[in-house]
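J.: Need a 3D model of the following:
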Amino acid sequence: MKHPIKTIQIDSETLSKARELYSEHEKEMEAYLDILLEWNEKINLVSRNVSRETVREHIIHSLLPIPLGLIQWHDKWIDSGTGGGLPGIPLAICEKEKRWILNDNVRKKMKAVDDIVNKIELKNADIIAKSISLVELEKGTGLVTKHAFKIKDLLRLLGKAPWQTILMWKGVEDVEKEVRRAHKDIIATIYEFNFGKDEPFYEGKGIVKIER
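T.: Presented below is the predicted three-dimensional model:
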């Protein structure tokens, strides 16, 4: 099935703005980072033996849709396959006027996320511990997901749910193939990070916006 695909190159100014967001909310971000790493010693929420600096970069990575202007379209977002709260918790910290649902079907991970949300007193986030296929989506709700699903698999799980916008953190190399394999009519925009050799963490990565 053919789908319209557009690619937009994103320069390092966007990354600088995401780093500024982290600095503006540093107290909450560092508290989240502390508790996430504590839980990671008990449950595999992020890669084991990963450095604090790398996890901090994952958090900054999670914030990139804000300077790209991709969060403004919806007042409510679901982070499906949230794992340890990425990207939903960092986005919720920065976008407190919006409602965030943190969703995963692995209950022990959601227990950790619930503890994190309570300890950092994140009032605009709720927890749903079940498959996204069982979550009742309200019309106008957006979805974010960071390396948790193939595009066609997420669309299959969503079924006839009234989603409008999905933001997916992806490696860009195989994104076009994933979009082509989708069995529903979608429009895809690939925001490809072009941050230079000094930012190897972001090499080959991007965010894909899926619309109907």
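
J.: Tell me which residues touch residue 40, please.
T.: 46, 48, 50, 84 (CB atoms under 8 Å, 6 or more residues apart in numbering). Placement of C-beta: from N, CA and C, glycine included.

J.: ok, it to residue 107 distance?
T.: 17 Å (CB to CB, to the nearest Å).

J.: cool, and residue 212?
T.: Distance from residue 212 to residue 107, by CB to CB: 31 Å.

J.: Show me what the helix or strand bottoming out on mean pLDDT in the chain is packed against.
T.: Within the chain, no helix or strand scores below helix 175-181, which has a mean of 87 by mean pLDDT, DSSP states H and E. Judged by 3 or more CB pairs under 8 Å, 6 or more residues apart in numbering; DSSP states H and E, helix 175-181 is in contact with helix 151-158, strand 187-193, strand 205-211.

J.: ok so residue 7 is a helix residue?
T.: No. Residue 7 is assigned strand when assessed by DSSP: H, G, I helix; E, B strand; the rest coil, not a helix.

J.: Grab the nearest non-local neighbour of the residue positioned nearest the centre of the chain.
T.: What sits nearest the mean C-alpha location of the chain, by CA atoms, centre = their mean, is residue 87, with 3.5 Å. Nearest non-adjacent residue to residue 87, counting by CB to CB, 6 or more residues apart in numbering: residue 62, 3.2 Å away.

J.: Wasn't residue 143 part of a strand?
T.: Yes. With three-state DSSP as the criterion, residue 143 is part of a strand.

J.: tell me, how many neighbours does the nearest residue to it once chain neighbours are set aside end up with?
T.: Excluding the flanking residues, the one nearest residue 143 by CB to CB, 6+ apart is residue 166, at 4.5 Å. Residues lying near residue 166 (other CB atoms under 10 Å) number 23.

J.: Next, the angle strand 205-211 makes with the helix or strand hosting the residue nearest to residue 87.
T.: In this structure, residue 62 sits in helix 52-63 according to DSSP states H and E. Helix 52-63 and strand 205-211 are oriented at 30 degrees to each other (axes from the mean of the first three to the mean of the last three CA atoms, to 10 degrees).

J.: Just the CA atoms of stretch 155-173, as CSV, please.
T.: Only the C-alpha atoms of stretch 155-173 are listed here, as CSV (Å, rounded to 0.1, in the frame of the first residue of the first chain):
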residue,chain,number,x,y,z
LEU,A,155,-2.0,0.4,14.1
ARG,A,156,-3.3,-3.2,14.4
LEU,A,157,-3.5,-2.9,18.2
LEU,A,158,-5.3,0.5,17.9
GLY,A,159,-7.9,-1.1,15.6
LYS,A,160,-10.8,1.3,15.1
ALA,A,161,-9.8,3.7,17.9
PRO,A,162,-10.3,7.4,16.9
TRP,A,163,-6.6,8.4,17.0
GLN,A,164,-5.4,11.4,15.0
THR,A,165,-1.7,11.8,15.6
ILE,A,166,1.0,9.3,16.6
LEU,A,167,4.6,10.3,17.3
MET,A,168,7.1,7.4,17.2
TRP,A,169,10.8,7.6,18.1
LYS,A,170,12.6,5.5,15.5
GLY,A,171,15.8,4.8,13.7
VAL,A,172,15.2,6.4,10.3
GLU,A,173,16.9,3.8,8.1
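
J.: I'm done for today, thanks for sticking with me.
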